[in-house]
Every structure is written in structure tokens, then in C-alpha cells.
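In: have a look at this fold, sequence not included:
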């Protein structure tokens, strides 16, 4: 199981929300911003609109697994936040991976 650097400070999340580039899908919202650290860091969030604790945890799990499979293709020096939406609950990690890959390519995090 590949480990990745985690965003967990509120200030980091806020910086991405306000100054990062955004890609939106009905199942996933992705914010990305270049950083000077040289490593890719990711944060995952799911609000109460997604559902109860079980649904929110499932969303975070499938997003984490999709990100983990794409991690070797991600160039260093990016901060990324993934926000689960209501449709994420009904999807599998392979579907989320396809959506996430397209969003990361559009944001310039992954090169074609």
C-alpha cells in the first residue's frame, strides 16, 4: 500500500479553495495548486450533505484508493484537495479514478 503526503491543516485547505485551480464533476471536485515542496500532497473531504458517517467514510476510502493508483504519474510539487459530492456514494473506485485522472490532466498535474 503506497503512502502519500497528507494535507491536514485548515490553512492549506483554504489556500487551495481560494487560490487553486478547480475542476468540477457531479461526483468529485478537485482543487490543485503548485507548491514549492517538491512532493505531491493531497487532502480529501466529504461534507455532511454526502450522507451519514458511513457514507462519508466510504467516499473518502474510494477517493483515497483512486488517488493512490494515480500517484506514480503525478509530478511532485502539487497540493491537491478532493471534495466528495452526493454522487460519489454510488460510484466504485474505478469510476472515480477515471474522473480524477481526467480532472488532473486538465489541471496539468498529470502529463498526457
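Out: It's in. Owing to the predicted nature of the structure, the values given are computational and were not obtained by experimental measurement. Numbering: from 1, shown residues only.
In: start to end distance for stretch 80-98?
Out: In stretch 80-98, first residue to last residue: 16 Å (Cα to Cα, to the nearest Å).
In: any idea of the mean pLDDT for that stretch?
Out: Stretch 80-98 comes out with an average pLDDT of 92.
In: and that stretch, how far from the chain's centre?
Out: 9 Å (Cα atoms, centre = their mean, to the nearest Å).
In: same check, this time on stretch 102-112
Out: Centre-to-centre, stretch 102-112 and its host chain are 12 Å apart (Cα atoms, centre = their mean).
In: all helices of this protein, in order?
Out: 10-19, 53-70, 93-107 (DSSP state H).
In: spatially central residue in this protein, please.
Out: Per Cα atoms, centre = their mean, the C-alpha nearest to the average position across the chain is that of residue 82, at 2.8 Å.
In: in the sheet, who's paired with that one?
Out: Per DSSP bridges, the residues bridged to residue 82 are residue 30, residue 44.
In: quick one: it and residue 30 touch, right?
Out: Yes. Residue 82 is within contact range of residue 30, at 5.7 Å (criterion: Cβ atoms under 8 Å). From N, CA and C alone the C-beta is placed, and that goes for glycine too.
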